[in-house]
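> Fold the following and give me the result.
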Amino acid sequence: MSTTATLTSQQRVNRAMNHQDHDRVPRFDTYWPETIKRWQEEGFQGDAQHALDMLGADMQCIAGSWPRTYPGRHEQIGEDEQTSTYIDEWGSVVRYWKAQSGTPEHISFGCETREIWEKTYKPIYQSYALHLDADAIIKHHAQLKAQGKWIFLTGLESIEALRKLLGDVTSMMSMAEDPEWIIDISRTYTDALLGGLDQIMTLGVKPDGLWVYGDMAYNHATMCSPAMYRELIWPDHKRIADWAHQHDMKFIFHTDGDVNGVLDLYHEAGFDCLQPLEAKANMDIRKIGPTHGKVMTWMGNIDAMVLGTNDKQQIEAEVRSKLEAGMANNGYIYHSDHSVPPGVSLESYKFVIELLDRFGNYQ
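Presented below is the predicted three-dimensional model:
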C-alpha cells in the first residue's frame, strides 16, 4: 500500500507487531565479537554498530535492567595457558577461554542453598537499584527518536537468573523438590527487574518495546514441563508483559531452544514477539506460521549454521523460505536464529542483505 512508502523504523516495527500492512520486513541482528573481527580482516570498516547500519537495522536499545548480586564483580582467582577463572557478578566461579568467546564453564554457584538465598542473596535483591547514567540515556533516546528508530529496553528474566544463581542442576531439582523456594526467587528477582525498569522510565524516555532475555529450553523441549512453568515462573513472565503493556510498549521474549510446547502459554501471558526461533532446536516458522501466525510476531529463525556454510544456494533457500513463511501474516522481523557466528563470511552476510532487499518487501 502506498501509505507505507515512507515508514520510519518505529512505524515499520509497530506495524509488524500488529500484523498490519507495512513496506518491508524490519531488521535486527547480533554478532559474535569474533565475527566482527573476521569481517574486519575481510575489509569491513567498523564495529557491531556499523554492522547493524550495514544491515539497515530498525531497532536500537537505550538501557536495561539486569539485576545481578554483585554488579561489576569480575575477580580473577586463577588462570592457565588457555583459560582464566573468575568470581562473577552472581557470586559464581566461572572459567573463560582467553582467546575466544563462548559459554563459560561454571565451576560452582554462589547461591546453592535456600539458607544462602534467604540470608545473603534475597536482601540484596529486595533493595536492588540501578546506577544509571541519566544524561547519556536521555541523549541517546533523543538521537534515536530523531532517527525514527524503534527503541527498546532490555532485561533478564527469572529463569535465566535461577540458572546463574543456582545452576541448572539445583534449579531443576528444586522446581520439583522445593517449588516454594523457586517461586520466592522468581518473584523477588522479578520485583528487582521491574523496579529497575521503573527507574529508567522516571527519566522521561518513551521506549517502544521491552526485550527480555532468558533461555528456558534446550534442543528437544523446555527445561521443565509446561505445567511446572505455568505454576512457578509464568506468573512473573505475565507480570513483565503486563508492565510493558501498561507503558504502551510491545514485549519481546528471547529464549533459545525448543519452546513449541509453551507457545500457547506465551500467548496467554501477552507476549507480542518471540525471538530467536532457534532452527537447530526444532523451531521452524514454516511449521508454526500456519498454526500460530497471527498469535505473535516472529523474529529470527534464519539458521546460522546454514549461513556458516557460505554456500549462496543454501543461504538463498533458507532466507527466502523463512521470509515467505513469516511475511504471510505480516508479522515477521529478520534476525538470525542466534548471534551471527564467525564462520559466516562478510560476503555471505552481504548476500543475506541482498536477499532481504530483493525478497523482504511487501510492495
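> can we go C-alpha only for contacts and neighbour counts from here?
Will do.
> tell me the secondary structure for Gly110?
What DSSP: H, G, I helix; E, B strand; the rest coil gives for Gly110 is coil.
> quick one, what contacts it?
Contacts for Gly110 (C-alpha atoms under 8 Å, 6 or more residues apart in numbering) come out as 90-93, 165-166.
> Check the residues you listed and tell me the two furthest apart.
Val93 and Leu166 (11.7 Å; C-alpha to C-alpha).
> hey, where'd the helices end up in the stretch 201-350 of the chain?
Counting by DSSP state H, counting those that start in this stretch, the stretch 201-350 of the chain has these helices, from start to end: 226-232, 234-246, 263-269, 285-292, 304-307, 312-327, 346-359.
> what residues does the last one touch?
With C-alpha under 8 Å, 6+ apart as the contact definition, helix 346-359 has outside contacts at 25, 38-39, 42, 44, 55, 307, 310-312, 315-316, 319-320, 323.
> Can you say which of these are buried?
Using 16 or more other C-alpha atoms under 10 Å as the burial test, the contacts of helix 346-359 include 25, 38-39, 55, 307, 310, 315-316, 319-320, 323 as buried.
> which residues are in contact with both of Val93 and Leu166?
In contact with both Val93 and Leu166: 109-110, using C-alpha under 8 Å, 6+ apart.
> So which of the helices of the stretch 201-350 of the chain is nearest Gly257?
helix 263-269 (12.4 Å).
> Which residues does that closest one contact?
Counting by C-alpha under 8 Å, 6+ apart, 230, 234-235, 237-238, 241, 295-296 sit against helix 263-269.
> next one: stretch 287-296 to chain centre, how far?
Distance of stretch 287-296 from the chain centroid (C-alpha atoms, centre = their mean, to the nearest Å) equals 20 Å.
> Quickly list what the residue most central in space within the chain is bridged to.
A centroid search over the chain (C-alpha atoms, centre = their mean) returns His254, at 3.8 Å, as the residue closest to the centre. Note on His254: beta-bridge partners Tyr213, Gln275, judged by DSSP bridges.
> what's the answer for Ser108, then?
Beta-bridge partners of Ser108, as defined by DSSP bridges: Val93.
> Against Thr6, how distant is it?
53 Å (C-alpha to C-alpha, to the nearest Å).
> Tell me which of those two has more neighbours.
More crowded of Ser108 and Thr6, by other C-alpha atoms under 10 Å: Ser108, with 15 against 11.
> Would you agree the more buried one is in contact with Val93?
Yes: with contacts counted by C-alpha atoms under 8 Å, Ser108 reaches Val93, the gap being 5.2 Å.
> Setting aside sequence neighbours, what's the nearest residue to Asp311?
Ser348 (7.8 Å; C-alpha to C-alpha, 6 or more residues apart in numbering).
> Can you give me the neighbour number for that neighbour?
So Ser348, with other C-alpha under 10 Å, has 18 neighbours.
> For Leu346, see how far away the residue nearest to the centre of the chain is.
Taken as C-alpha to C-alpha, the span from His254 to Leu346 is 26 Å.
> With Glu278 instead?
On the measure of C-alpha to C-alpha, Glu278 and Leu346 end up 22 Å apart.
> repeat for Val319
From Val319 to Leu346 the distance is 16 Å (C-alpha to C-alpha).
> just Ile77 next, same as before
38 Å.
> How about Ala241?
Ala241 is 37 Å from Leu346, by C-alpha to C-alpha.
> Would you mind telling me which of the two has more residues around it?
A count of neighbours by other C-alpha under 10 Å puts Ala241 above the other of Ala241 and Leu346, at 24 against 21.
> Quickly find the element holding Thr85.
Using DSSP states H and E, Thr85 maps to strand 83-87.
> Doesn't Phe152 lie inside a helix?
No: under three-state DSSP, Phe152 falls outside any helix and is assigned strand.
> Can you give me the buried ones in stretch 343-350?
343-346, 348-349.
> same check, this time on stretch 131-142
137-138, 140-141.
> swap in stretch 207-227?
207-217, 219, 221-224, 226.
> so Phe253 touches Leu274, yeah?
Yes: contact criterion C-alpha under 8 Å: Phe253 and Leu274 qualify, at 5.1 Å.
> tell me the SS of Cys63?
Slight slip there: residue 63 is Ala, not Cys. Relying on three-state DSSP, one would call Ala63 strand.
> Residues touching stretch 79-94, excluding its own?
Under C-alpha under 8 Å, 6+ apart, the answer for stretch 79-94 is 68-78, 95-99, 104-111, 164-165.
> now with 7 Å?
68-78, 95-98, 104-110, 164-165 (C-alpha atoms under 7 Å, 6 or more residues apart in numbering).
> Now, those residues that are in strands?
Mapping the contacts of stretch 79-94 onto strands (DSSP state E) picks out 75-78, 95-97, 105-108.
> Around the residue lying closest to Ser158 once chain neighbours are set aside, how many other residues sit close by?
Spatial nearest neighbour of Ser158, excluding adjacent residues (C-alpha to C-alpha, 6+ apart): Ser186 at 5.1 Å. If you count neighbours by other C-alpha under 10 Å, Ser186 ends up with 24.
> re the thing from before, dump the helices of the stretch 201-350 of the chain into a markdown table; add mean pLDDT and distance to Leu156 as well.
As requested, the helices of the stretch 201-350 of the chain are exported to a markdown table (pLDDT from 0 to 100; distance: least, C-alpha to C-alpha, whole Å):
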| stretch | mean pLDDT | distance to Leu156 |
| --- | --- | --- |
| helix 226-232 | 98 | 17 |
| helix 234-246 | 98 | 11 |
| helix 263-269 | 97 | 17 |
| helix 285-292 | 93 | 25 |
| helix 304-307 | 98 | 23 |
| helix 312-327 | 98 | 27 |
| helix 346-359 | 98 | 29 |
